[in-house]
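Asks: Mind looking at a prediction? Sequence and model below.
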Amino acid sequence: MQHAAKDRDSNRSWLRTWQDLSDEQLRDVAQTLGQEWERAALHLGLKKKDLDEIKKEDKVEFMQRRNMLQLWKKRRTGKTTARALLRGLEDLKDLLVETHRLLKGLVKNGSKPAKKKPSYRSGQGSRPGERSSSLQNACYGRQDLSDKQLRDVAQTLGQEWKRAALHLGLTKKDLDEIKKEDEAEFMQRRNMLLLWKKRRTGKTTAQDLLRGLKDLEDLPVETHRLLKGSNTETRSQSEPARQALTDKELLQVAKTLGQEWEEVAIHLELKNNDLEVIKAEHRSVAMQKQKMLVLWRGRRRPPGKAQDLLRGLKDMEDLPVGTRQLLTGMMKKSSK
């Protein structure tokens with residue numbers, strides 16, 4: 001935990017002395033990237049040959065993204081600041097909002113004002129602040145989501161977009177048609193939401209979209225946060241949120257787990273790719289176990305409580321007795 005606090009302190013001072021991005025900071029940027037990382041590489045001046053070499057060296061996608069940014073840093077002549085990276089990516093149409101927000105925030109906090117702001121051409125997305133505000137207005141005013149707002153939602157979705165489509169009433173045939181029309185995954189995600197809007201009878205507000213996705217267990221936190229905004233539903237859900245397991249409690253649970261922690265992750269419906277990323281980011285097995293549980297908690301709606309965790313592991317035969325006893329105790333404590 002002390003190491004994590006040290007990392008945060010380091011991140012807050014990224015650009016105060018106009019410094020080049022460190023490898024650790026590039027790792028943080030890599031975490032925000034998705035399937036568009038290969039197109040990002042080309043925008044940063046890397047070649048298809050470079051991408052092939054990167055993929056050959058490491059099969060884990062997170063490591064590929066990180067190594068791509070490190071290669072950009074190595075190859076670049078001149079400064080490799082957040083501003084330089086943002087400028088190289090400003091024309092990437094499907095750059096994730098989270099990536100843009102991270103880099104833009106670092107530029108804003110720098111000791112020197114930005115000489116050039118990223119351009120926002122028509123149809124290429126909105127500023128992060130504008131995006132959030134416009135979606136909140138859609139919630140408050142019960143206005144239908146615009147195509148531009150649906151694009152912003154699409155940017156927050158990942159591999160789970162196909163399951164999201166089924167939850168929204170689209171069919172497997174619809175997905176096949178969408179994939180056939182456009183090979184770019186971001187465009188597939190956006191077109192799926194546009195089709196949902198076209199097919200839906202009645203309102204297509206942020207609340208309606210969120211309601212349609214409420215049972216999707218692996219809905220990204222960023223998607224939920226964007227659609228949820230700060231509308232009146234926040235108050236009604238504040239009580240369950242307070243009962244969610246804390247980082248400290250999850251650390252206690254993690255300490256009761258042994259070699260079976262990866263099996264625990266599978267029972268909690270995490271993916272093999274999730275485990276690979278966690279292992280790549282944390283060498284300590286204790287931290288890997290805790291981060292796995294944090295990821296599980298963050299993907300639940302509302303965030304996971306002790307009874308949710310125990311329910312998810314009820315069919316696991318070799319669950320340690322200590323884990324079961326600890327979670328049972330936490331359940332009794334929270335019910336008082």
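Replies: Here it is on my side, so go on.

Asks: Could you chop the chain up by domain?
Replies: 11-108, 128-233, 240-335 (automatic domain parsing).

Asks: Quick one: the strands in the stretch 1-150 of the chain, in order.
Replies: Read by DSSP state E, counting those that start in this stretch, the stretch 1-150 of the chain holds no strands at all.

Asks: List the residue ranges of it that fall below the pLDDT cut-off.
Replies: 1-18, 106, 108-142 (pLDDT under 70).

Asks: Could I get the full set of helices for it?
Replies: Under the criterion DSSP state H, counting those that start in this stretch, helices of the stretch 1-150 of the chain are mapped to 2-12, 23-32, 37-43, 48-57, 61-75, 82-89, 97-108, 128-141, 147-156.

Asks: Compare the ones you listed and give me the one nearest Arg190.
Replies: Distance to Arg190, taken as C-beta to C-beta, is lowest for helix 147-156 among those, at 4.1 Å. Backbone N, C-alpha and C define where each C-beta goes, glycine included.

Asks: Report the separation between the closest residue to Glu98 other than its chain neighbours and Asp182.
Replies: Excluding the flanking residues, the one nearest Glu98 by C-beta to C-beta, 6 or more residues apart in numbering is Thr32, at 4.4 Å. As judged by C-beta to C-beta, to the nearest Å, Thr32 and Asp182 stand 23 Å apart.

Asks: For these two, indicate the residue with more neighbours.
Replies: A direct count of neighbours by other C-beta atoms under 10 Å for Thr32 and Asp182 places Thr32 higher, at 18 against 13.

Asks: The more buried one contacts Leu95, doesn't it?
Replies: No: under the criterion of C-beta atoms under 8 Å, Thr32 makes no contact with Leu95, lying 9.6 Å away.

Asks: which residues do the two both contact?
Replies: Residues touching both Thr32 and Leu95 (C-beta atoms under 8 Å, 6 or more residues apart in numbering): there are none.

Asks: What's the first helix or strand after the helix or strand harbouring Gly298?
Replies: Using DSSP states H and E, Gly298 sits in helix 285-299. Beyond helix 285-299 on the C-terminal side, the first helix or strand identified by DSSP H and E is helix 306-312.

Asks: Tell me the buried residues in the following helix or strand past that following helix?
Replies: For helix 306-312, the following helix or strand on the C-terminal side (DSSP H and E) is helix 321-335. Residues of helix 321-335 classed as buried: 323, 326-327, 330-331 (neighbour count, 16 or more other C-beta atoms under 10 Å).
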